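Undergrad: Can you look at this prediction? I've put the sequence above it.
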Amino acid sequence: LISNNGKSVGNAEIILDNGIAEMLTSSISTSNGDYAFPSAVMHYDYSISGEKNDDYLNGVSTLDLVMIQRHILSISKFTDPFNIIAADINNDEKITASDLLELRKLILGIYSKLPKNDSWRFINSAQSFADINNPWPLTEKINIANLSHTMSNQNFVGVKVGDVNGSAVANANNETVESRSNVVLMTENKAVEANTMHSVVFSSDIEKVYGLQFTLTLNNADLADVFVGSHKLNDANIAKISDNKYTVSWNDINAVNGKDILTVNVFSKGNTMVSDVISMNSTVTTAEIYSGENLQTGKLSLRFAGS
């Protein structure tokens, strides 16, 4: 099992089926992507298929939304059929705005898994694609007629659904430490009064931001609005996870710059400082920002001047 960007896919369940329930068996792929059925009985017809649904968020972020949106709008089309498959979030064999909505719900923590798709799809490596923009129907089984000898090179290509930039960890050996810049959003640490609305504006020297995501925690305050630049975010961009915790995901084809990039409007319930009211973290949705023509990923954080 090899992912479409060349990584061995481990810990996948490979199923060997000959139509007889008592003989149904499975094998777990190794960290090298290998699987085997040494006890398969000869002279039966078999089908082999794969499953892996352990981490839907693996490799998935708002950066993927940026790239899928650019594909939909023909700004930057995918040239790999496996990226088309990965972008079909709702499994309807086409790439539309509905796929963006479904994937964002996963990023925001509304979904723990995709309701209409698996985390990984395993495509018979022998499948060819006459039209890379329309790779369906998919061949997700390897069929063997009348098994009569030991067979090798029965291979699948693993596609991580939602991951179009190839960042998914396919097995423990593939984990890498990425070098990411730190992007700090600054604001003045002002006093806030109880029972009043406060607009907290954050800025950075970053330019050409096409997307960002984070988890927002409020202390003794209610969230009113969130703006990215001049864009007021709606319910599709923000999810309330608990009484004081929210997740945020935004992207657009038009970039915004760092000055006044983030505005958080809160209704304070106590007399305190801004730094005691608002915090950003990665407890649900990882705090990241995507900028520049190469869509560089940066770690996102807040800083309160004078705190």
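TA: Cool, the structure landed.

Undergrad: Can you list the strands that the helix or strand encompassing residue 279 pairs with?
TA: Taking DSSP states H and E as the definition, one finds residue 279 inside strand 278-281. Its sheet considered, strand 278-281 pairs with strand 209-218 (antiparallel) by DSSP bridges.

Undergrad: Show me how far the partner strand is from its chain's centre.
TA: Here strand 209-218 shows a centroid-to-chain-centroid distance of 14 Å under the convention C-alpha atoms, centre = their mean, to the nearest Å.

Undergrad: Helices of the stretch 201-307 of the chain, start to end?
TA: Shown for the stretch 201-307 of the chain, the helices assigned by DSSP state H, counting those that start in this stretch span residues 274-277.

Undergrad: Let me see the backbone angles for residue 13.
TA: Geometry field for residue 13 lists phi and psi as phi -90, psi 120, criterion degrees, to the nearest 10.

Undergrad: Need the pLDDT of residue 172.
TA: Confidence per residue is given as pLDDT, and for residue 172 that number is 75.

Undergrad: before we move on, the earlier item: quick one: buried residues of the strand holding residue 279?
TA: Buried positions in strand 278-281, judged by neighbour count with 16 or more other C-beta atoms under 10 Å: 278, 279, 280, 281. Placement of C-beta: from N, CA and C, glycine included.

Undergrad: contact partners of that strand?
TA: With C-beta atoms under 8 Å, 6 or more residues apart in numbering as the test, strand 278-281 has contacts from 185, 200, 214-219, 221, 264, 266, 287, 300-302.

Undergrad: If we go by neighbour counts, what in whichever helix or strand residue 27 is part of is buried?
TA: Under the criterion DSSP H and E, the helix or strand holding residue 27 is strand 25-28. By neighbour count, with 16+ other C-beta under 10 Å as the criterion, the buried positions of strand 25-28 are residue 27.

Undergrad: Spatially central residue in this protein, please.
TA: Closest residue to the average C-alpha location of the chain: residue 60 at 1.4 Å, with C-alpha atoms, centre = their mean.

Undergrad: sec struct for the closest residue to it other than its chain neighbours, please.
TA: For residue 60, the nearest residue in space outside its immediate sequence neighbours is residue 162; the separation is 4.1 Å by C-beta to C-beta, 6 or more residues apart in numbering. State at residue 162, reduced to three classes by DSSP: H, G, I helix; E, B strand; the rest coil: coil.

Undergrad: okay, now residue 162: neighbour count?
TA: Summarising burial for residue 162: neighbours were counted as other C-beta atoms under 10 Å, giving 27.

Undergrad: in terms of contact, does it touch residue 103 like I think?
TA: Yes - contact status for residue 162 versus residue 103: in contact at 5.2 Å, counting by C-beta atoms under 8 Å.

Undergrad: Spit out the contact partners of residue 127.
TA: If you count contacts by C-beta under 8 Å, 6+ apart, residue 127 has them with 138, 139.

Undergrad: Can you tell me how far it is from residue 75?
TA: For residue 127, the distance to residue 75 equals 28 Å [C-beta to C-beta, to the nearest Å].

Undergrad: Also residue 114?
TA: Here residue 114 is placed at a distance of 25 Å from residue 75 (C-beta to C-beta).

Undergrad: Those two: who's more crowded?
TA: Summary of the neighbour comparison: residue 114 and residue 75, criterion other C-beta under 10 Å, with residue 114 having more neighbours (20 against 10).

Undergrad: My guess is the more buried one contacts residue 53. True?
TA: No - checked against C-beta under 8 Å, the pair residue 114 and residue 53 is beyond contact range at 9.4 Å.

Undergrad: Quick one: neighbours of the residue nearest to residue 2 when sequence neighbours are not counted, just the number.
TA: Nearest non-adjacent residue to residue 2, counting by C-beta to C-beta, 6+ apart: residue 33, 5.7 Å away. When neighbours are defined as other C-beta under 10 Å, residue 33 has 19 of them.

Undergrad: before we move on, what about residue 200?
TA: Counted by other C-beta under 10 Å, the residues lying close to residue 200 total 20.

Undergrad: can you check residue 34 too?
TA: Counted with other C-beta under 10 Å, residues neighbouring residue 34 total 12.
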